[in-house]
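1. build me a model:
(one chain, ligands or ions: 1)
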Amino acid sequence: MPEIKFYSGDDIPLELHKVRIVQKLDLVPVERRAEAMMEAGFNTFLLKNKDIFLDMLTDSGVNAMSDRQLAAMMVADDSYAGSATFTRLTDKLKEIFDTDYFLPAHQGRAAENIIAMTFVKEGSIIPMNYHFTTTKAHITRLGGSVEELVIDEGIRLTSTHPFKGNFDLDKLEALFEKSGDKIPFVRIETGTNLIGGQPVSLENMEAVADIVHRHGKLVVMDASLLQDNLYFIKTREEKAKDLTLREITRRISKKMDIIYFSARKLGFARGGGIAIHDKELYLKMRELVPMFEGFLTYGGMSVREMEAMAVGLDETMDMDVVSQGPLFIKYMTDELLKLGVPVVTPAGGLGCHLDASGFLPHVRQEEYPAGALAAAVYIAGGIRGMERGTISEQREVDGSEHLASVELLRLALPRRVFTLSQVKYAVDRIKWLYDHRDLVGGLRFVEEPSSLRFFFGRLEPVSNWPDKLVEAFRKDFKDSL
Ligand code: F0G
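-> Presented below is the predicted three-dimensional model:
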């Protein structure tokens, strides 16, 4: 990808696309934002879109689609069985991953359900660089447990390590020595979500696969965030700098037994699935698709989305397309750093991640600093982020709180959705909040579901801090929104 430099020397990401469809946004006044937060039980998942200005909750299913994707949707072949769309998608996956078999699933967690039901049983141990919420829930539901083997640097919030999602290979070897018989597969999560969208290097993936195969076990790759990870391999890894994205993808895929993904992320559409090299493995999982998803040639997805996914996967092999997310995230992260706001470094994929423990050091982990920061950022700017800290964890079996190893507020940058001035606005309001951080207090649960509590749980502030925040905002911004 040739780099475009500004004459002025400015280091800002330049969009290599133009906008052709827009959605109008409203920014409601700060008083309404505080009220809306209260109505949502201090859980950003429960906010209504009409109250949101910049929706940075996630990149899942909300990336902007291309003209080619929309055009492909018009030629989708709708039929219960034997759809030509399914053949096109399978062919595209074969072209990209060189996999012969594909099992469709309605989204990433459905693929996780199929894999877990096939391989996880009571007492199983699933090693992985880091867990993802839905992944862990499927494994523990079946009596298995997760072992996180990310390098120590992975959970250090500020670092210069280019691949913070890497496995600690010694820990992996040691775990095989100790409990190898309990391990059915090892999961590699590309673009490691919960530690800030941090990538895994090509070298590390290959080394992990070699260890796992030497022990006769399977390697499963969660490729949901592969597009960002590919960008980082290409730009940060010496041994990959002369390889094309297609070549890197093939190199990775060759070492994997099973590749699953959320196509709400990878492929910029909505859906998911499992790509497999080996026929026997495919047959082992196949039955579960018609049982839980839909017939084998659509798996619960709309064929339109499948067409869009095939094109989206193709576009993922283009650096101009996959660089947009990481470059915008780097811009936002760097701007916040310049202002002294604590953020996860180096900038990763998916979004800009605020370090909630550094932002709100006075809020104890038991009072959910990342959840409190999510609420405060929304009140300060109508910006919706996602708590990625203790609220996103599950309680231990004995009911005690499982404190997260990192307390983050994720501000996702869905690809090609926000403009640079919107990003600048977000930076501005976050800086304002940082200067008023002493006003922000903690949260406590009022309704707490036993599993995946971050989706529906309702909380309340431990004091009247939201009112104080609104008051300070009014003082500084007068009649501005
Ligand atoms: N794996 C990873 C790494 C993910 O980031 C996600 C979803 C899934 C699996 C599950 O996929 O949502 O299609 O069922 N992440 C979303 C997010 C929810 O906002 O980060 P899904």
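2. alpha carbons only for contacts and neighbour counts from here, please
-> Fine.
3. what's the nearest residue to the one residue in the stretch 251-400 of the chain that gets nearest to the ligand if we skip its chain neighbours?
-> When distances are taken as CA to the nearest ligand atom, the stretch 251-400 of the chain reaches nearest to the ligand at Ser262, 4.0 Å away. Leaving aside its sequence neighbours, Ser262 sits nearest to Gly108 (CA to CA, 6 or more residues apart in numbering; 3.8 Å).
4. the one you found contacts Gly273, doesn't it?
-> Yes: using CA atoms under 8 Å, Gly108 is in contact with Gly273, at 6.8 Å.
5. please enumerate the shared neighbours of the two.
-> Tyr260, Phe261, Ser262, Ala263 (CA atoms under 8 Å, 6 or more residues apart in numbering).
6. which of the residues you listed fall within strands?
-> Among those, the ones falling in strands (DSSP state E) are Tyr260, Phe261, Ser262.
7. contacts only, for the closest residue to the first one other than its chain neighbours.
-> Here the nearest residue to Tyr260 in space, its sequence neighbours aside, is Ile274; by CA to CA, 6+ apart that works out to 4.2 Å. If you count contacts by CA under 8 Å, 6+ apart, Ile274 has them with Phe102, Leu103, Pro104, Ala105, Ala111, Ile258, Ile259, Tyr260, Phe261.
8. farthest-apart pair in the residues you listed, please.
-> Ala105 and Ile258 (14.0 Å; CA to CA).
9. how many residues are close by Gln20?
-> Rather than Gln, residue 20 is Arg. 7 (other CA atoms under 10 Å).
10. same thing with Asp181?
-> 12.
11. so it lies in a helix, does it not?
-> Yes: if the criterion is DSSP: H, G, I helix; E, B strand; the rest coil, then Asp181 is within a helix.
12. span of stretch 382-398 from start to end?
-> Counting by CA to CA, to the nearest Å, you get 38 Å between the two ends of stretch 382-398.
13. buried residues of that stretch, list them for me.
-> For stretch 382-398, the neighbour count (16 or more other CA atoms under 10 Å) marks 382-395 as buried.
14. which residue in the residues you listed has the weakest pLDDT?
-> Among those, Gln394 carries the lowest pLDDT, at 87.
15. quick one: what helix or strand has that residue in it?
-> Here Gln394 sits in a region with no helix or strand, counting by DSSP states H and E.
16. isn't it up against Pro449?
-> No: between Gln394 and Pro449 there is no contact under CA under 8 Å: 9.8 Å.
17. thinking again about what came up before, kindly reformat the ones in strands among the shared contacts of Gly108 and Gly273 as TSV containing pLDDT and neighbour count.
-> Shown next, in TSV, are these (pLDDT from 0 to 100; neighbours: other CA atoms under 10 Å):
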residue	pLDDT	neighbour count
Tyr260	98	27
Phe261	98	27
Ser262	98	28
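18. what's near enough to touch the residue nearest to Ser262?
-> Ser224, Tyr260, Phe261, Ser262, Ala263, Arg264, Gly271, Gly272, Gly273.
19. now with 6 Å, please.
-> Gly108 makes contact with Phe261, Ser262, Gly272 under the criterion CA atoms under 6 Å, 6 or more residues apart in numbering.
20. helix/strand/coil for Glu122?
-> The three-state label given to Glu122 by three-state DSSP is coil.
21. spit out the contact partners of it.
-> Gly143, Gly144.
22. that's a helix at Leu337, yeah?
-> Yes: Leu337 forms part of a helix when assessed by three-state DSSP.
23. helices of the stretch 151-300 of the chain, start to end?
-> In the stretch 151-300 of the chain, the segments counted as helices under DSSP state H, counting those that start in this stretch are 169-179, 202-214, 226-236, 245-255, 279-286, 288-292.
24. just name the most buried of the ones you listed.
-> helix 226-236 (a mean of 23; mean count of other CA atoms under 10 Å).
25. now it: average pLDDT?
-> For helix 226-236, the mean per-residue pLDDT is 98.
26. now swap in stretch 23-37 and tell me
-> The average pLDDT within stretch 23-37 is 97.
27. repeat for stretch 286-303
-> The average pLDDT for stretch 286-303 rounds to 97.
28. the nearest residue in space to Ser253 that is not next to it in sequence: neighbour count?
-> Once flanking residues are discounted, Ser253 sits nearest to Phe97: 5.5 Å by CA to CA, 6+ apart. By the measure other CA under 10 Å, the count of residues near Phe97 is 22.
29. quick one: Phe97 and Phe86, what's the gap?
-> 16 Å.
30. check Thr133 too.
-> Thr133 is 29 Å from Phe86, by CA to CA.
31. between these two, who's got more neighbours?
-> Between Thr133 and Phe86, counted using other CA under 10 Å, the more crowded position is Phe86 (25 against 18).
32. next, count neighbours for the residue lying closest to the more buried one once chain neighbours are set aside.
-> Leaving aside its chain neighbours, Phe86 sits nearest to Thr297 (5.5 Å; criterion: CA to CA, 6+ apart). By the measure other CA under 10 Å, the count of residues near Thr297 is 25.
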